[in-house]
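Trainee: Structure for the following, please:
(one chain, ligands or ions: 1)
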Amino acid sequence: MAETLSFEPPRGMRDFYPEDMAWRNRVFDAFRAAGEAAGFSPYDSCVVESYDLLARKAGEEVGEQIYHFFDKSERHIALRPEMTPTLARMVAQRQKELSFPIKWTTIAQCFRYERMTKGRKREHYQWNVDIVGEDSVLAEAEVLGAACDALRRMGLSSADFRVHVSSRRLLGEVLERSGVPTDRHAQVFLALDKRGKMPDAEIAAMLRDGGLDDALVAKVFEILSLKDLDSVVAYLGAAAEGSRAVAELSELFRLAGAAGFAESLVFDIGVIRGLSYYTGIVFECFDAKGEFRAIFGGGRYDNLLTAIGGLPMSAVGLGFGDVVVTELLKSRLGGSASSARRGVAVGFMEDAQRDAAVRLAARLRREGKSVDLALHSMKPKKFFAHAGSSMAAEAVFLGPDDVEKGTARLKNLETREESGISL
Ligand code: HAM
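Mentor: Now for the predicted structure:
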């Protein structure tokens, strides 16, 4: 007896049935259009990468979630959990030839052995937009502008989402002023990134493990309660005057105003980001009601090129997954992904009309129409029921009389109006 196999895909992996592909295409089309509108050049690479490039020892979650294996020649290979190290590798390989700044974009399938929760799968597609070789905050503004544009192209409005913006440099300045030594900052960032995912008491314990005494731990939580940039400036006091981080954030909000998406940005000192390579401005986008996980996240990572052995070079970018935004679109827009009917369904009553139907379908396809040709003869009732439930906008059904006359009727499936079509 044949062994029964499960029809489910491996846990955390996804099948895309046609109705799922309609949503995915809607999301990908917006990614591509927004990338193109903002002048980003597409690039790609293989989904497997050398483990050494991706593995990081900073206690980051993503480093622990890597799917990896040895190939038959004992090469240590991994499925990429994100695209940024690969981008850095590709840039480093051609760093002497490329003309910087470069603006690159891709939709990369990524794999992470995550604990499965809402919005988190073990495989997802992630749109990446990155600018390498530019120090100006206009680079941040450009990647954020592109991401907001993509959300609008998917059918969401600025009332549906908020981009929470902070700066690792700013938090570093504030921590330093509070007496947290610089060599502890990386550990503090990793602990604070767990906020919301574990109780504050556990985070406090992590901070104490990192060498902070109770007074410093209390101060760190006080800092996190600062509500806006003005409060942070007040907290910094005279030090705010020459603060590079404050100047950068103010500049970003100003540029977002000029570009027309300032209403989508909010300052939030609680945005840390789990990846250790970020050095400056960081951001994370959430739905305005706070129902879902992060829609996209990113920031400035000026040291990654040197960390992998390239020449020093600044960089900024973001990753925007397909999972959360699709959940959000379904909840906000409902119904099916593609609204407009398009194309023609062509059917025939008897095998004697099949060649005429094939000729008609071929002609309409040459004219640029999308044609769903019935694969066997059928009764008109069945054909029109099928066409009505398909995405076709129009339908032609050929019977013996139509072929004899050399004309048939083209029916608009929405308005039910009919017009003649020559065969
Ligand atoms: P990340 O925050 O790890 O950043 O991921 C970016 C986005 O990818 C998330 O906001 C989420 O939309 C999606 N995502 C991540 N993991 C999963 C998952 N398991 N299931 C579903 N969606 C997921 C990065 O990966 C950075 N490399 C982004 C970046 C690009 N920074 C600079 N350039």
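Trainee: And the helices in the stretch 101-250 of the chain?
Mentor: Secondary structure of the stretch 101-250 of the chain by DSSP state H, counting those that start in this stretch: the helices cover 138-153, 168-178, 185-192, 200-209, 214-224, 229-236, 244-259.
Trainee: what's the angle between the fifth one and helix 168-178?
Mentor: Compare the direction of helix 214-224 with that of helix 168-178 by axes from the mean of the first three to the mean of the last three CA atoms, to 10 degrees and you get 140 degrees.
Trainee: returning to what we had before: of the helices of the stretch 101-250 of the chain, which is nearest the ligand?
Mentor: In terms of CB to the nearest ligand atom, the element of those nearest to the ligand is helix 138-153, at 8.1 Å. In short, each C-beta sits where N, CA and C put it, glycine included.
Trainee: list the helices and strands the closest one packs on?
Mentor: In terms of contacts (3 or more CB pairs under 8 Å, 6 or more residues apart in numbering; DSSP states H and E), helix 138-153 is packed against helix 18-37, strand 123-132, strand 161-167, helix 244-259, strand 281-287, strand 296-300, strand 315-321.
Trainee: mind redoing it with 7 Å?
Mentor: helix 18-37, strand 123-132, helix 244-259, strand 281-287, strand 296-300, strand 315-321 (3 or more CB pairs under 7 Å, 6 or more residues apart in numbering; DSSP states H and E).
Trainee: How about the fourth one, which residues are buried there?
Mentor: Within strand 281-287, the residues that count as buried by 16 or more other CB atoms under 10 Å are 281-287.
Trainee: can you check the fifth one too?
Mentor: For strand 296-300, the buried set under the neighbour-count rule, 16+ other CB under 10 Å, comprises 296-300.
Trainee: and those as CSV, adding pLDDT and distance to the ligand?
Mentor: Converted to CSV, the buried residues of strand 296-300 look like this (pLDDT from 0 to 100; distance: CB to the nearest ligand atom, whole Å):
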residue, pLDDT, distance to the ligand
296, 98, 5
297, 98, 4
298, 98, 4
299, 98, 6
300, 98, 8
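Trainee: I'd like to know which of those is nearest to residue 182.
Mentor: Set against residue 182, the nearest of these by CB to CB is residue 300 (18.0 Å).
Trainee: Can you verify my assumption that that closest one contacts residue 280?
Mentor: Yes: in terms of CB atoms under 7 Å, residue 300 counts as a neighbour of residue 280; the distance is 3.6 Å.
Trainee: Give the helix, strand or coil label for residue 274.
Mentor: Classification of residue 274 using DSSP: H, G, I helix; E, B strand; the rest coil returns coil.
Trainee: so how many other residues sit close to the spatially closest residue to it that is not a sequence neighbour?
Mentor: Among residues not flanking residue 274 along the chain, residue 193 sits closest, at 4.6 Å (CB to CB, 6 or more residues apart in numbering). A count of nearby residues for residue 193, using other CB atoms under 10 Å, gives 19.
Trainee: Just want the most central residue of this structure.
Mentor: The C-alpha lying nearest the average C-alpha coordinate of the chain belongs to residue 320 (CA atoms, centre = their mean; 2.2 Å).
Trainee: Report the contact partners of it.
Mentor: Listed by CB atoms under 7 Å, 6 or more residues apart in numbering, the contact set of residue 320 reads 126-127, 147, 150, 295-296.
Trainee: Could you write out the alpha-carbon coordinates of stretch 99-106 in PDB?
Mentor: The C-alpha coordinates for stretch 99-106 follow below in PDB (Å, rounded to 0.1, in the frame of the first residue of the first chain):
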ATOM      1  CA  SER A  99      30.200  54.500  -9.900                       C
ATOM      2  CA  PHE A 100      28.800  55.500  -6.500                       C
ATOM      3  CA  PRO A 101      26.300  56.200  -5.100                       C
ATOM      4  CA  ILE A 102      24.500  53.200  -6.500                       C
ATOM      5  CA  LYS A 103      20.700  52.600  -6.000                       C
ATOM      6  CA  TRP A 104      19.800  48.900  -6.200                       C
ATOM      7  CA  THR A 105      16.600  47.000  -5.700                       C
ATOM      8  CA  THR A 106      15.600  43.300  -5.700                       C
END
